[in-house]
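[1] The following block contains a protein sequence and its predicted model.
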Amino acid sequence: MDLPPSSPKTLSSIKDRSFNRATLTDDGIMITSQGHCTADGECGDLQSKHFHGCNHSTGSFQSSPSSCFETTSLISCVTCLSDNNSVEHRNRRHSNHSIDTAGLLNEDLDEIPYSSVNGKLMVNTVIPYGRILYAKYLENPNGYTDNSGPASPNRSTDNTPQSKDPDAVNVHGLQTKSDDDLIEEQLLNDDDNRDTPVTTTNAEDGESYHLIEITFAKPRRHDVVPKRLTLLISHFSSSPETNVVEEIMRRSYKNAKINRSVLVIINPHGGQGKAKKLFMTKCRPILLASRCPIEIAYTKYGRHAVDIAREVDLNKYDTIACASGDGIPYEVINGLYQRKDRAAAFNKLSITQLPCGSGNAMSVTCHWTSNPSYAALSLVKSVESRIDLMCCSQPSYCKEFSRLSFLSQCYGIIAESDINTEFIRWLGPTRFELGVAFNIIQRKKYPCDVWVKYVAKSKDDVKVHYLEQKKKTRTELEAYFDDNSQLEETTNTRVSDYETTEEDFKLKFPLEDGVPDDWEKLDSSLTDNLGIFYTGKMPYMAADAKFFPAALPNDGAMDLMVTDARTPVTRIAPILLALDKGTHVLQPEVIHTKILAYKIIPRVQSSLFSVDGERFPLEPLQVEVLPKICKTLLRNGTYVDTEFETM
Ligand SMILES: Nc1ncnc2c1ncn2[C@@H]1O[C@H](COP(=O)(O)OP(=O)(O)OP(=O)(O)O)[C@@H](O)[C@H]1O
């Protein structure tokens with residue numbers, strides 16, 4: 001620690017008067033009074049000095065310093081941004097919202113008056129714990145600074161990171177020490193102050209204040225960016241021993257792991273070549289500000305992520321974050337599956353996505369956003385949760401390894417539109433919609449035979465199953481969140497979680513055993529004229545395509561949707577147009593059920609299957625659910641609300 005040992009001070013100290021005072025509330029850190037200007041015209045809030053060039057000789061609050069205390073009294077919406085703390089409240093508030101293209105709820109941006117024109121934080125402003133990334137004690141703070149800016153006054157110039165080749169990678173594709181590591185080291189070195197309280201006593205009321213720097217995620221345009229803020233924080237506690245910084249961190253990471261160690265896998269070709277830039281500019285600042293140790297691996301060839309996951313050192317990471325589309329999480333899951341210690345791998349690592357590709361269904365579903373910076377915030381704040389996977393077997397590969405699918409399998413119109421339009425990849429997501437429209441107009445049909453093992457057959461049964469499972473999950477989550485007093489101090493997460501064993505990977509319905517007697521065959525008049533066959537485990541297949549609104553993380557079932565190619569275009573068009581709302585599953589022309597397993601035997605000469613967006617061969621395909629096999633990070637412990645309940 002480079003600061004001198006501190007002795008208690010009083011608030012009559014001129015310097016201390018320059019900082020905003022704040023206190024801890026249930027929802028966040030609330031500004032209780034604004035800092036004064038010092039005798040020499042300096043203000044503790046650097047935004048005034050560095051970003052607005054505030055000159056206090058002309059500033060309005062200097063002429064009447066006390067007016068700040070009286071005139072600004074805005075109570076901001078805290079629970080709206082407090083991602084961790086109130087699942088119920090959040091779901092209630094936002095039940096009528098859908099995700100917009102930036103993945104933001106616009107009200108979030110507008111409701112928090114973080115700073116007024118003169119750079120001061122308004123009294124009663126609350127910085128929600130859900131937005132706080134880090135806190136530490138401070139003795140010589142410089143106030144409100146921009147972490148993402150080039151010249152941070154809080155940083156020693158000696159420590160300025162040296163620029164090295166950011167693409168330098170070792171044999172495993174892991175990045176060698178570069179500017180990322182140096183910035184990370186610098187941030188970690190900053191931690192010296194974390195445990196050392198600097199106490200200041202208010203001579204007037206005897207209350208104890210601590211000079212604390214917090215780093216929080218602040219909305220800026222469509223993103224969140226890390227910002228630092230220095231506050232004099234008082235905390236009323238029965239115990240004088242209370243470490244306020246530890247308390248802030250505990251509340252800020254209530255159901256999440258602090259300092260999650262992350263292996264980031266970047267597909268440099270993902271998102272039409274934008275993945276690396278998106279990660280570096282939008283996600284990395286949030287992860288670093290949260291003091292997450294990160295290592296980066298770049299994929300150098302197709303399916304490289306399978307190899308990386310197969311060889312990854314389980315002891316080094318808690319999370320694999322795929323800065324990519326949905327293709328890389330699919331590969332990571334399959335790489336882990338091919339390991340000898342796969343149960344240990346799935347128990348140790350959470351697989352998540354930072355949405356930097358063209359298809360980002362996992363992030364939309366799990367982080368409730370397709371915005372990379374918000375997804376990074378969700379990554380550091382989310383609850384580790386179990387999800388079901390689907391195990392796919394076909395004759396050509398299942399003797400070696402079956403394939404795990406986390407998202408979907410499809411055959412027919414959707415599969416062809418997804419895969420056979422790759423040659424117009426430059427069109428982005430539009431290529432998929434064009435492909436669907438083209439195939440529907442042609443009324444292309446895809447004959448096949450299908451057998452299923454039902455969990456909920458009729459649409460009414462599906463609703464009942466959904467409501468029951470949702471209620472069960474809600475009860476479990478409430479118990480989980482209430483159980484915080486029993487959390488392990490160091491990790492802030494519950495230790496006794498569900499554990500996968502090798503037994504869980506054993507298939508109940510191996511391909512070679514044929515179709516079991518209790519499976520039902522779908523009506524041949526339908527399957528002879530099949531248009532779409534689509535199974536899924538996540539509600540969103542893209543930001544605006546809520547294909548499976550009844551999908552749940554671990555209900556032990558996958559959703560199946562089937563359509564008949566003979567359905568008139570005048571009926572199928574409105575069905576497809578209802579995809580953004582998810583109400584297509586209610587239409588009589590759409591079959592929607594919940595199943596545990598299925599077998600499909602195609603009866604066409606040339607076509608394909610698409611599994612999680614990957615091309616699979618045109619062979620019999622048998623799939624079953626592997627319950628709770630994989631760990632991921634879910635915002636508030638749930639998938640994004642699809643409003644299926646009220647449909
Ligand atoms: N360096 C590389 N060279 C070639 N292919 C790669 C490379 N890295 C990854 N890939 C492949 O790119 C595919 C797509 O990856 P990803 O899902 O991240 O991208 P995307 O932007 O969403 O694209 P898509 O539209 O194909 O889904 C994967 O099959 C992966 O194996």
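    Done, it's in.
[2] What is the longest helix of the chain by residue count?
    Ranked by residue count under DSSP state H, the longest helix found in the chain is helix 459-482.
[3] Pull the contacting residues for A565.
    Residues counted as contacts of A565 (CB atoms under 8 Å, 6 or more residues apart in numbering) are G412, I413, R443, K444, K445, Y446, N529, L530, G531. In short, each C-beta sits where N, CA and C put it, glycine included.
[4] and if you look at H592?
    H592 is in contact with K459, V462, A550, D559, L560, M561, V585, counting by CB under 8 Å, 6+ apart.
[5] where in the stretch 101-250 of the chain is pLDDT low?
    Low-confidence segments of the stretch 101-250 of the chain (pLDDT under 70): 101-120, 139-207, 236-241.
[6] which residues are in contact with the longest helix of the chain?
    With contacts defined as CB under 8 Å, 6+ apart, helix 459-482 is touched by 87, 254-255, 383, 455-456, 494, 550, 552-555, 557, 559, 585-586, 592-594, 636-638, 644-645.
[7] Confirm L336 sits in a helix?
    Yes: when DSSP: H, G, I helix; E, B strand; the rest coil is applied, L336 is found to be in a helix.
[8] residues near the residue in the chain that the ligand sits nearest to, how many?
    For the chain and the ligand, the shortest gap (CB to the nearest ligand atom) falls at G325, measuring 1.7 Å. If you count neighbours by other CB atoms under 10 Å, G325 ends up with 26.
[9] Get me the contact residues on the stretch 151-300 of the chain for the ligand.
    Within the stretch 151-300 of the chain, the residues that sit near the ligand (CB under 6 Å from any ligand atom) are N267, H269, G270, G271, T299, K300.
[10] Let's see if you can find the most crowded of those residues.
    Each of these was scored by neighbours using other CB under 10 Å; the highest score is G270's, at 27 neighbours.
[11] Which of the contacts of H592 fall within strands?
    Residues of the contacts of H592 located in strands (DSSP state E): D559, L560, M561.
[12] thinking R251 is in contact with L24, fair?
    Yes: if you go by CB atoms under 8 Å, R251 and L24 touch, sitting 7.3 Å apart.
[13] more crowded one of those two?
    Shown here are R251 and L24; by other CB under 10 Å, R251 has more neighbours (23 against 19).
[14] so who does that one touch?
    Each residue near R251 by CB under 8 Å, 6+ apart is listed here: L24, Y129.
[15] low pLDDT regions in the protein?
    Within the chain, the ranges that satisfy pLDDT under 70 run 1-17, 35-120, 139-207, 236-241, 417-443, 483-497.
[16] tell me which parts of it are close to the ligand?
    Residues of the chain found near the ligand (CB under 6 Å from any ligand atom) are 267, 269-271, 299-304, 324-328, 331, 357-359, 613.
[17] So which of these sit within helices?
    G270, G271, H304, G327, I328, E331.
[18] Which single one of these is nearest to R220?
    G271 (21.0 Å; CB to CB).
[19] doesn't S358 make contact with the closest one?
    Yes: at 5.6 Å, G271 counts as touching S358 under the criterion of CB under 8 Å.
[20] Next, show the common contact partners of the two.
    G325.
[21] how's this structure carved up into domains?
    9-164+193-252, 391-625 (automatic domain parsing).
[22] check contacts around K457.
    T593.
[23] And it, its phi and psi?
    Main-chain torsions, K457, degrees, to the nearest 10: phi -90, psi -50.
[24] Ramachandran angles for the spatially closest residue to T501 that is not a sequence neighbour?
    Closest residue to T501 apart from its sequence neighbours, by CB to CB, 6 or more residues apart in numbering: A343 at 5.4 Å. Backbone torsions for A343, taken as degrees, to the nearest 10, come to phi -60, psi -40.
[25] returning to that earlier point: turn the buried ones among the contacts of helix 459-482 into a named PyMOL selection, would you?
    Selection of the buried residues among those in PyMOL, burial being defined by 16 or more other CB atoms under 10 Å:
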select buried, resi 87+254+255+383+455+456+494+550+552+553+554+555+557+559+585+586+592+593+594+636+637+638+644
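[26] Now go through the contacts of helix 459-482 and say which are in strands.
    Among the contacts of helix 459-482, the members found in strands (DSSP E) are V383, V455, A456, D559, H592, T593, K594.
[27] hang on, the second one packs against I595?
    Yes: taking CB under 8 Å as the definition, V455 is a contact partner of I595 at 5.9 Å.
[28] Overlap in contacts, these two.
    Each of A557 lies in contact with both V455 and I595 under the rule CB under 8 Å, 6+ apart.
[29] can you give me the helices for the stretch 301-450 of the chain?
    304-311, 327-337, 342-348, 361-366, 372-381, 413-419, 430-441 (DSSP state H, counting those that start in this stretch).
[30] Can I get the second one as PDB, trimmed to CA atoms?
    Think helix 327-337. Only the C-alpha atoms of helix 327-337 are listed here, as PDB (Å, rounded to 0.1, in the frame of the first residue of the first chain):
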ATOM      1  CA  GLY A 327     -21.200 -21.400 -33.000                       C
ATOM      2  CA  ILE A 328     -18.400 -21.100 -30.400                       C
ATOM      3  CA  PRO A 329     -20.500 -22.000 -27.300                       C
ATOM      4  CA  TYR A 330     -21.700 -25.000 -29.200                       C
ATOM      5  CA  GLU A 331     -18.000 -26.000 -29.900                       C
ATOM      6  CA  VAL A 332     -16.900 -25.300 -26.300                       C
ATOM      7  CA  ILE A 333     -19.700 -27.500 -24.900                       C
ATOM      8  CA  ASN A 334     -18.700 -30.300 -27.300                       C
ATOM      9  CA  GLY A 335     -15.100 -29.900 -26.500                       C
ATOM     10  CA  LEU A 336     -15.800 -30.300 -22.800                       C
ATOM     11  CA  TYR A 337     -18.100 -33.300 -23.500                       C
END
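[31] That helix packs against which elements?
    helix 304-311, strand 319-324, helix 342-348, strand 350-355, strand 403-405 (3 or more CB pairs under 8 Å, 6 or more residues apart in numbering; DSSP states H and E).
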